[in-house]
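**Q** sequence plus the predicted model coming up.
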Amino acid sequence: MTLTTALTSELSQRWKAYEDELIELRRDLHAHPELARAEVRTTRLVRERLEAVGLSCRVLPGGTGLICDIGTGRHTIALRADIDALPIADEKDVPYRSTVDGVSHACGHDVHTVALLGAGLICNELGREGMLPGRIRLIFQPAEETMPGGALDVIEADGIDDIDAIFALHCDPRTDVGQVGIRAGAITAACDRVHIRLSGPGGHTARPHLTADLVYALSKIATELPAALSRRVDPRNGLSLVWGRIAAGTAANVIPQSGELEGTLRCLELAAWEGAPDLIVQLVEDIATSYVVKPDIDYRRGVPPVVNNSRCVDMIEQAAVEELGVGAVVLAEQSLGGEDFAWYLRDMPGALGRLGVRKPGDPTSRDLHQGGFDVDERAIGVGVRVTVATALRALAELN
């Protein structure tokens, strides 16, 4: 029997000791959600629970989010959970419905938080019993739902120094509880924001030839820019530019002096993402020149794609099979959503897995970032056990 097998065989029993407490805490956090970089109460509750078992925590300089190390050794594995909520009203009729108007945990970060806390409590037990083959770093990260994201806060606070690998699980409402989704390579996309302003002299719609037809130019950029990108970038890179807002003018017979386009650019490959800003600027300027309007391009970096390390994906898979059995691991779909876990993976190997939270047999199609989002709370225990088992396997392989 290997070291990891001996340890993981006990995790189900160890989890049971914390099950009721962590489900209650998840409901408390769900009822009291906090937006990005305002997660003061969440940070306090997590810190107090970890300190109650003798662990030392370091709150990030911004006052929310914290880091906690467990054990000692030559190698360190980081485990990350995001703790912020979304500006979305909670539409559920449950006892733990959000008490904060217009704010809810519509992405499962409350589950991530308590699952990592439970994993930390079990790892602390193992460390005290001399059964932890290295050091575990818990990262309770603020502000994942903003761009470029709170992962950079952690990095700037030296939160990933001396880390050998990093892991995280994210709730997936399209995967059944008891299953874990994995994928090597890109699992989420880069996500940037593109804001284009056009300006011109304006004029009368009866005489477009005497001025710059700004609305027409704006529409040409809206349609031709995505089309041009599809021919200038390898389609295997999964680059997609989609507009979310277009605005110009106030009257039917007036050519306006200004107009705007806003959208998001998403991409699955790092190299294409890195070259996207220069290419966008070049193409917009080429189109605008044809219609004698002046472009002002505000290209804002969001997050790079999450590119999972294949060896780290194997660690999650093997840990999940050990804990949940054969058939519990499924192939996760690639997502064009952004996830700031990507910033960590630019400095070290790691992997993001999908934690199934859907009640088996539930025919309802749900998604993240919706006011009715909820989870089958059995997923918390699955997340705890798989997280601990993954960390133990990673440390065992490193040693």
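**A** Nice, thanks for sending it over. Residues are numbered from 1 along each chain as shown.
**Q** do you know how far residue 165 is from residue 183?
**A** 17 Å (C-beta to C-beta, to the nearest Å). Glycine gets a C-beta too; all of them are placed from N, C-alpha and C.
**Q** revised request: answer the last question for residue 117.
**A** Taken as C-beta to C-beta, the span from residue 117 to residue 183 is 26 Å.
**Q** ok so, going back, residue 165 and residue 183: who's more crowded?
**A** Taking other C-beta atoms under 10 Å, residue 165 and residue 183 do not tie; residue 165 has more neighbours (24 against 21).
**Q** that one touches residue 312, doesn't it?
**A** Yes - here residue 165 reaches residue 312: they are 5.7 Å apart, a contact under C-beta atoms under 8 Å.
**Q** the residue nearest the centre of the chain: what's its closest spatial neighbour, skipping adjacent residues?
**A** Centroid-nearest residue in the chain, with C-alpha atoms, centre = their mean: residue 339, separated by 2.9 Å. Excluding its sequence neighbours, the residue lying closest to residue 339 (C-beta to C-beta, 6 or more residues apart in numbering) is residue 188, at 4.4 Å.
**Q** contact partners for that neighbour?
**A** Residues near residue 188 by C-beta atoms under 8 Å, 6 or more residues apart in numbering: 305-306, 334-339, 341-342, 352.
**Q** next: residue 11.
**A** 122, 323, 384-385, 388-389.
**Q** now with 6 Å, please.
**A** Applying C-beta atoms under 6 Å, 6 or more residues apart in numbering, we find residue 11 in contact with 385, 388.
**Q** and if you look at residue 117?
**A** residue 46.
**Q** can we see that at 10 Å?
**A** 18, 21-22, 25-26, 45-46, 49-50, 68, 81, 138, 140, 380, 384 (C-beta atoms under 10 Å, 6 or more residues apart in numbering).
**Q** which stretches of the stretch 201-350 of the chain form strands?
**A** 203-204, 240-248, 254-255, 258-267, 294-303, 307-308, 329-331, 350-358 (DSSP state E, counting those that start in this stretch).
**Q** let me fix that: the stretch 1-150 of the chain
**A** 57-59, 66-70, 76-82, 135-141.
**Q** in a markdown table, list the ones you listed along with mean pLDDT, distance to residue 31 and mean neighbour count.
**A** What follows is the strands of the stretch 1-150 of the chain, written out as a markdown table (pLDDT from 0 to 100; distance: least, C-beta to C-beta, whole Å; neighbours: other C-beta atoms under 10 Å):
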| stretch | mean pLDDT | distance to residue 31 | mean neighbour count |
| --- | --- | --- | --- |
| strand 57-59 | 98 | 23 | 16 |
| strand 66-70 | 98 | 21 | 22 |
| strand 76-82 | 98 | 18 | 26 |
| strand 135-141 | 98 | 19 | 26 |
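**Q** want to throw those strands into TSV with distance to residue 246?
**A** Output for those, formatted as TSV (distance: least, C-beta to C-beta, whole Å):
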stretch	distance to residue 246
strand 57-59	43
strand 66-70	42
strand 76-82	32
strand 135-141	34
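**Q** out of those strands, which comes closest to residue 33?
**A** Shortest separation from residue 33 across those is recorded for strand 76-82, at 12.4 Å, computed as C-beta to C-beta.
**Q** OK, contacts around the residue nearest to residue 398 when sequence neighbours are not counted?
**A** For residue 398, ignoring the flanking residues on the chain, the nearest one in space by C-beta to C-beta, 6+ apart is residue 75 at 4.1 Å. Counting by C-beta under 10 Å, 6+ apart, residue 75 touches 133-135, 162-165, 394-399.
**Q** for those residues, work out which two are farthest apart.
**A** Farthest apart among the contacts of residue 75 by C-beta to C-beta are 162 and 396. That separation is 18.5 Å.
**Q** these two: which has the busier surroundings?
**A** The residue with more neighbours, out of residue 162 and residue 396, is residue 396; 17 against 12, by other C-beta under 10 Å.
**Q** quick check: buried residues in the strand or helix carrying the more buried one?
**A** Following DSSP states H and E, one finds residue 396 within helix 378-398. For helix 378-398, burial by neighbour count (16 or more other C-beta atoms under 10 Å) applies to 378-397.
**Q** distance of the residue nearest to residue 59 when sequence neighbours are not counted relative to residue 138?
**A** Leaving aside its sequence neighbours, residue 59 sits nearest to residue 66 (C-beta to C-beta, 6+ apart; 4.8 Å). Distance of residue 66 to residue 138, computed by C-beta to C-beta: 8 Å.
**Q** that older thread, just want the angle from the helix holding residue 396 to strand 135-141.
**A** 140 degrees (axes from the mean of the first three to the mean of the last three C-alpha atoms, to 10 degrees).
**Q** now for residue 382: which residues touch it?
**A** Residues in contact with residue 382 (C-beta under 10 Å, 6+ apart) are 15, 115, 169, 177-180, 320, 323-324, 328, 355-357, 376.
**Q** returning to that earlier point: element containing the residue nearest to residue 339?
**A** Using DSSP H and E, no helix or strand contains residue 188.
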